[in-house]
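S.K.: Structural data only, the sequence is not supplied:
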């Protein structure tokens, strides 16, 4: 083993121990790859909330810049191909993990970190009734359990606070009480600026066309995808090449190392929360599911 190899191994070990993306600075071997245009540090302090679908502010991105985020994984059948597609194009993304999936598939969480992606949090159970369907205590317990499961999978152990202080609510369904609790713990809340709607049963081509049409209209933004969806795994290589062809550039988000100020942009005039409109549409179903679960819990046992 050469001295240079030993130095490289020592450097990677130090980055791993520090919680930094191990290969984030590794040079891309392909000159024609999409790659990462720049890295933006996000300071989670002060109750930071981002994403125009839910909040009246987002990251201050330049025209043509996009942030790729993936929810709900990892699942081997789909997260594996998605990681390969990102790796092939030297692209870094942020994965908002569901704790029970991280607990069941820790090797994929380790792969995400080793390839330089940002590992973030998305509750433990991702309940259909969302955090709004829980009591405040139940919601906090599920979120804390998710933080711990994700950190054990990513870092080998869990501490009092999540190592990556980024969180996204299932269905973007937050509450003022939970937001205040996260703010006190210096955990940033992420919404999104653009939805791929890949939770719907559409073909990969249709999903990609829909997302690109929305992106071309917006010109930039934080994109929500799901690494548990088969069509997303199938479309991603073509999507990344299309982003390159259309002149889009990838921004990778990471936690701020110090008190650096997060670059923010305010929503334009007439902004309103699309999330709240969508929640209002599905809330009757959420309440029905909550009643069903409560009824099941109260049923007599043989």
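M.R.: Looks like it came in fine. These numbers were taken from a predicted model, which means no experiment stands behind them. Numbering: from 1, shown residues only.

S.K.: Tell me how far residue 107 lies from residue 179.
M.R.: Distance of residue 107 to residue 179, given as CB to CB, to the nearest Å: 33 Å. Heads up, the C-betas are built off the backbone N, CA and C, glycines and all.

S.K.: Helices along the stretch 1-150 of the chain, start to end?
M.R.: In the stretch 1-150 of the chain, helices defined by DSSP state H, counting those that start in this stretch lie at 3-18, 76-88, 99-104, 106-114, 136-155, listed in chain order.

S.K.: With distance to residue 191 added, can I get these in TSV?
M.R.: Output for those, formatted as TSV (distance: least, CB to CB, whole Å):
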stretch	distance to residue 191
helix 3-18	28
helix 76-88	21
helix 99-104	20
helix 106-114	21
helix 136-155	16
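
S.K.: Can you flag the weakest of those by average pLDDT?
M.R.: With a mean of 37, helix 3-18 has the lowest mean pLDDT of the helices of the stretch 1-150 of the chain.

S.K.: Neighbours of the closest residue to residue 132 other than its chain neighbours, how many?
M.R.: Computed as CB to CB, 6 or more residues apart in numbering, the closest residue to residue 132 that is not its neighbour in sequence is residue 173, at 4.7 Å. Residue 173: 20 surrounding residues under other CB atoms under 10 Å.

S.K.: For residue 107 and residue 179, work out which one has more neighbours and name it.
M.R.: Comparing residue 107 with residue 179 by other CB under 10 Å, the one with more neighbours is residue 179, at 17 against 11.

S.K.: The more buried one contacts residue 48, doesn't it?
M.R.: No - using CB atoms under 8 Å, residue 179 is not in contact with residue 48; the gap is 10.2 Å.

S.K.: Give me the phi and psi for residue 166.
M.R.: phi -120, psi 130 (degrees, to the nearest 10).

S.K.: That one reaches residue 118, doesn't it?
M.R.: Yes - look at residue 166 against residue 118 with CB under 8 Å: they come within range, at 7.1 Å.

S.K.: tell me, what's touching the two both at once?
M.R.: Common contact partners of residue 166 and residue 118 (CB atoms under 8 Å, 6 or more residues apart in numbering): 94, 253, 255.

S.K.: Okay, and which of the residues you listed map to strands?
M.R.: Taking DSSP state E, the ones among the shared contacts of residue 166 and residue 118 that sit in strands are 94, 253, 255.

S.K.: Selecting buried members of those in PyMOL, what would you type?
M.R.: Those of those that count as buried under 16 or more other CB atoms under 10 Å are selected in PyMOL with:
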select buried, resi 94+253+255
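
S.K.: now the ones in strands among the shared contacts of residue 166 and residue 118 in JSON lines, with distance to residue 67 and pLDDT?
M.R.: Listed next are those as JSON lines, based on distance: CB to CB, whole Å; pLDDT from 0 to 100:
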{"residue": "94", "distance to residue 67": "7", "pLDDT": "98"}
{"residue": "253", "distance to residue 67": "6", "pLDDT": "98"}
{"residue": "255", "distance to residue 67": "14", "pLDDT": "97"}
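
S.K.: Common neighbours of residue 179 and residue 48, please.
M.R.: By CB under 8 Å, 6+ apart, the residues touching both residue 179 and residue 48 are residue 189.

S.K.: Residue 84 is in contact with residue 111, correct?
M.R.: No - the criterion here is CB under 8 Å, and residue 111 misses it with residue 84 at 9.9 Å.

S.K.: that older thread, got TSV for the shared contacts of residue 166 and residue 118, with distance to residue 207 too?
M.R.: Putting the shared contacts of residue 166 and residue 118 into TSV (distance: CB to CB, whole Å) gives the following:
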residue	distance to residue 207
94	20
253	23
255	30
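
S.K.: between those, which is nearest residue 161?
M.R.: residue 255 (11.6 Å; CB to CB).

S.K.: neighbours around residue 279, how many?
M.R.: Neighbour tally, residue 279, other CB under 10 Å: 18.

S.K.: I meant residue 280, not that one.
M.R.: Residue 280: 9 neighbours (other CB under 10 Å).
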